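Enquirer: Build me a model:
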Amino acid sequence: MQLDERLDQWERAGLIDADQLRRIREFEAASSALEAVDGGAPRRSGDTPARPSGTELLAYLGVLIALAGVVTLVYASGATLSLIAALTLVIGLVALAATWEFARRGTAPSARAAGACLALGAVAIGTAVSELATAALLFTRTTSIEINCVPSSACPAYTSTDQSGNVLAGACIVVAIALAVLRFVPGRMAAIVAVVAGYVGAAAAIDVSGLRVEQSPAPIALVLLAVSAFSSVTGRQCRRASPMCPTSSVSPA
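Expert: Model (predicted):
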C-alpha cells in the first residue's frame, strides 16, 4: 500500500490530524528530493538507481565539446584575445540559458545537467571577462628591468607582464554568477563553482598585492582564512536555498 493511502487511512481513523498529515508529506517530499540528487529518482527497497537520461548525457557531451573548443582556440590558433573572449562569452551565455532550462524542469537528471551547464557557463563568462581585461590592459601590471651589458652597449630592458589582476576580475565574475543562481539550480554545483573560483581569486589577490610567504605569512593566512569562511557560508546558503543540496549523501535503501 502506498504511503499516501496509509496517511489518508490514519487521518480517517483519527490517528493523526490534518496538520500532522501535512508535515509528514512535506518531510517525505524533502527526503525524496535528496534521494533524487544522490542517486536518481526517489528509491524504495528493491528499486534500482536511475541512470542518466539521454538529455543529461547530451548536456555532458556539449560541455566537453565546448571546453575542448575553447582550449583549442586559445592554444592552437592565432586569434586575438578579443575574438577569443567574444566566442567564450557566447558559449557562456548559451550554457547559462541551458542551465535555466534544465533547472526549471525539476527532475533529477535535469538538475545534474543544469549543474554541468552552470559550471561551463560561469567559467566561460569569467574567462571571457579576464581575456577582455587582458586585451584592454585593464589590470595588467608591467615591470621593466634595465640590463647592464658588458662591454657597455645599449641593451633592451627586460619587460614582464603580470595578469593576476585580470584573473582576479574573472574569478569575481564567476563567484557572482554562481551565487546569483545558487537559489535556482538544485544540487551542489553552484556552491562548488563559487568555492573554487574563490580560491583562484584569493591566489590572484595575493599575487596582485605582492605578498610572499617568506615575507608576509600572516596576511596570506588571513586571505586564505577569509576564503575558507566564505566557503562555509556558501555551503550553508546552498543547504538553505534548496533541499537538494544535502550535507551528506543519502545511502541507498
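Enquirer: Mind checking the pLDDT average for stretch 98-113?
Expert: For stretch 98-113, the mean pLDDT works out to 80.
Enquirer: Now do the buried residues in that stretch.
Expert: Of all the residues in stretch 98-113, those buried under the rule 16 or more other CB atoms under 10 Å are 98-99, 102-103, 107-113. Every C-beta, even on glycine, is put in place using the N, C-alpha and C of the backbone.
Enquirer: Nearest residue to the middle of the protein?
Expert: Geometric centre of the chain, nearest residue: Val193, 2.1 Å, by CA atoms, centre = their mean.
Enquirer: residues touching that residue, list them.
Expert: By CB atoms under 8 Å, 6 or more residues apart in numbering, Val193 lies in contact with 118-119, 122-123, 174, 178.
Enquirer: So it versus Ile91, what's the distance?
Expert: Applying CB to CB, to the nearest Å, the value for Val193 to Ile91 is 16 Å.
Enquirer: Ok, Leu137 next?
Expert: 24 Å.
Enquirer: These two: which is more packed in?
Expert: Counted by other CB atoms under 10 Å, Leu137 and Ile91 do not tie: Ile91 has more neighbours, with 24 against 12.
Enquirer: if I look at that one, how far off is Ile192?
Expert: Ile91 is 20 Å from Ile192, by CB to CB.
Enquirer: and what of Ala205?
Expert: Counting by CB to CB, the gap from Ala205 to Ile192 is 20 Å.
Enquirer: I'd like the next helix or strand past the longest helix along the chain.
Expert: Counting by DSSP state H, the longest helix found in the chain is helix 108-135. Using DSSP states H and E, the helix or strand that follows helix 108-135 in sequence is strand 141-145.
Enquirer: Now stretch 220-237: average pLDDT?
Expert: 84.
Enquirer: who touches it?
Expert: The contact list for stretch 220-237, computed with CB under 8 Å, 6+ apart, reads 179, 182, 191, 194-195, 198-199, 201-202, 205-206, 211, 213.
Enquirer: thinking again about what came up before, next, format the contacts of Val193 as TSV and append distance to Gly14 and pLDDT.
Expert: Output for the contacts of Val193, formatted as TSV (distance: CB to CB, whole Å; pLDDT from 0 to 100):
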residue	distance to Gly14	pLDDT
Leu118	48	87
Ala119	51	86
Ala122	53	89
Val123	57	87
Val174	56	91
Ala178	49	86
